[in-house]
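the following comprises the amino acid sequence and a computationally predicted model.
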Amino acid sequence: MPATLTAPSPDQAAPVDTHAAAAQTSGLAPASGPAQAPGRDRVPSAEENTTPPRRAGLAGRIWAALAAPLLLSVVVQNAANFGFHAVVGRILPPGDYGALGAVLAIMVLLSVPLTALQAAASSLVSSHGWDDDSVRRTLRGTALWSVLAGFAVLAATPLIQDYFRLASAVDAAVLAPFVAVSVALAVARGLLLGDRQVTPVAWTFLLGTAGRLAFGLALVIPFGVTGALVGTLAGEVVALVVALVPIHRRSGLVPGAAALDLRTVAAAGFAVTGLFLFSTVDLLLARHYLPDAETGAYVAAATIGKVVLALPAAAMSVYYPRLVSGWRLERNAGALRTAFVVVSGLAILGGLVVAAVPGLLLKLLYGGNFADAAGLVRLLAVIAALTSIVSVLTYASLARKSLAVVVPWLGAALEIALIARSHGDASAVARGSLMALVPTLLVMVVWEGGAWWRAMRRGVPLPRGRHAAPRAARSSRAGSTRRRAR
């Protein structure tokens, strides 16, 4: 199951994460993740500061920013994952499909913090250059910690099996090797993106998805839920092998070993994990509280309703570095406006399409198994579209290192409390998610949106030191222009 989407910024090859998202992984939730560590901004050279770049058209800039190979891999990946769910949803009974959806959601939850590792690995290479010693040290450390994380998850297998009412302990135990492989894969993708190797990363998504389809569909018929989960793990293994091949062939260019920035990992992991919990905890609670048949319907509806966050997640991974530079260098709310237009615009457009034809999508994917879930699909599509606004504002708060990153965590806690209080059916669970979304969205708009607006209105002076060069260069260009006018 594909983990985290990243793509290089057009100005810098620092990692840009897409949380992951479940829309990109199992089709259940958004992902989202940061691309470049705050404080690692690339300071333009004097020549770059004195030569204004040519401005391409809006469509051309967006296409270039998304990085065509990665965008194509996301489209293909999501289409393939839809096909996987369509086939598996028809083969498995509703109760088994609900169990599969819950375990896939856990896989996404466990992989979300890895977005931070990917960001730090990419920042390491883009900042210090590709160095064999640094890469080997990073991969060795990653292998050690991934094995330890896998054993920790394995120890929790009985608890996971009991909470989600899984028929086999193997279904929960699969999470252990999945964590170990996903840790290594996230770091490998980050190293490649830091070295501007975008196409190999796109191939990890494409071939990993092909592996998931091949193994998952071959094993689901004889082994049911266990076979589908083993196939998902096999897809991650294929993606890791594909990522390690170009790393093995790469020769070092810059001497001197560096280390991952753990503070960047921690900050990004906190923000992304909170955002993921806020957007996906309803699915886990649905599995815990609802009967098996209703759980399957909720998973099916969520798979369709939350798919509207797939491409917006990729776009957010591109616009996060712009939010960082927009705040640190210029206090310019234009970066935030552009992120809203592109990211939330894509999500809202997708939500309108899904809300218009939910019955058709359910029939195409699942036949007649979940025909009565059309209303649930509409509601979850609206929730997903509005959640994209919370995503943009969360990344904006991460860009300016604001305490507002705690708001999605508080929203997730409110969502858990509301659903625990009322969970009579699938619609009640979805309504609890919507009731938690409304105050969370309002707080983020007032807190984070207000901070950007006030900073722009006040014309906050630029910081001294490392960011003074761009400011001085702009002043120099302005003075030269005035002298030429005279």
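Yep, it's here.

wait, residue 419 touches residue 284, no?
No: assessed by Cβ atoms under 8 Å, residue 419 is found out of contact with residue 284, at 9.8 Å. Using the backbone N, CA and C atoms, a C-beta is placed for each residue, glycine as well.

and residue 168, its phi and psi?
Torsion angles at residue 168 (phi, psi; degrees, to the nearest 10) stand at phi -130, psi 140.

shouldn't it be in contact with residue 226?
Yes: between residue 168 and residue 226 there is a contact at 5.9 Å, judged by Cβ under 8 Å.

just to revisit the earlier point, what about residue 419 and residue 284, which has more around it?
More neighbours surround residue 419 than the other of residue 419 and residue 284, with 24 against 20 (other Cβ atoms under 10 Å).

for residue 282, see how far away the more buried one is.
Distance of residue 419 to residue 282, computed by Cβ to Cβ, to the nearest Å: 6 Å.

off-centre distance for the helix or strand hosting residue 273?
Taking DSSP states H and E as the definition, residue 273 sits inside helix 262-289. Distance of helix 262-289 from its chain centroid, counting by Cα atoms, centre = their mean, to the nearest Å, is 11 Å.

buried ones in that helix?
The neighbour-count check on helix 262-289 (16 or more other Cβ atoms under 10 Å) flags 264-265, 267-287, 289 as buried.

so how far is residue 390 from the residue nearest to residue 403 when sequence neighbours are not counted?
Closest residue in space to residue 403, ignoring its immediate chain neighbours: residue 397 at 7.7 Å, by Cβ to Cβ, 6 or more residues apart in numbering. The gap separating residue 397 from residue 390 is 10 Å, by Cβ to Cβ.

now list whatever residues contact both of these two.
Counting by Cβ atoms under 8 Å, 6 or more residues apart in numbering, the shared contacts of residue 397 and residue 390 are 407, 444.

re earlier: and the helix holding residue 273, average pLDDT?
Averaging pLDDT along helix 262-289 yields 84.

what about residue 355, helix or strand, and which?
Residue 355 belongs to helix 345-356, assigned by DSSP H and E.

which other helices and strands contact that helix?
Secondary-structure packing of helix 345-356 (3 or more Cβ pairs under 8 Å, 6 or more residues apart in numbering; DSSP states H and E): helix 310-325, helix 374-399.

these two touch, right, the residue nearest to residue 403 and residue 404?
Yes: here residue 397 reaches residue 404: they are 3.7 Å apart, a contact under Cβ under 8 Å.

can you tell me the SS state at residue 130?
Put simply, residue 130 is coil when judged by DSSP: H, G, I helix; E, B strand; the rest coil.

before we move on, what about residue 167?
At residue 167 the chain is in coil, as set by three-state DSSP.

return the distance of it relative to residue 100.
11 Å.

quick one: contacts for the residue nearest to residue 403?
Going by Cβ under 8 Å, 6+ apart, residue 397 touches 271, 403-405, 407, 444, 447-448.

could you flag which of those are buried?
Counted by 16+ other Cβ under 10 Å, the contacts of residue 397 give 271, 404-405, 407, 444, 448 as buried.

now those residues as TSV including distance to residue 316 and secondary structure?
Shown next, in TSV, are the buried ones among the contacts of residue 397 (distance: Cβ to Cβ, whole Å; DSSP: H, G, I helix; E, B strand; the rest coil):
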residue	distance to residue 316	secondary structure
271	12	helix
404	16	helix
405	15	helix
407	17	helix
444	14	helix
448	14	helix
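
lowest pLDDT pick from those residues?
Lowest confidence among the buried ones among the contacts of residue 397: residue 271, with 87.

my guess is that residue contacts residue 396. True?
No: here residue 271 does not reach residue 396: they are 10.5 Å apart, not a contact under Cβ under 8 Å.

before we move on, back to that, can you list residues touching both of residue 419 and residue 282?
Counting by Cβ under 8 Å, 6+ apart, the contacts common to residue 419 and residue 282 are 429, 432-433.
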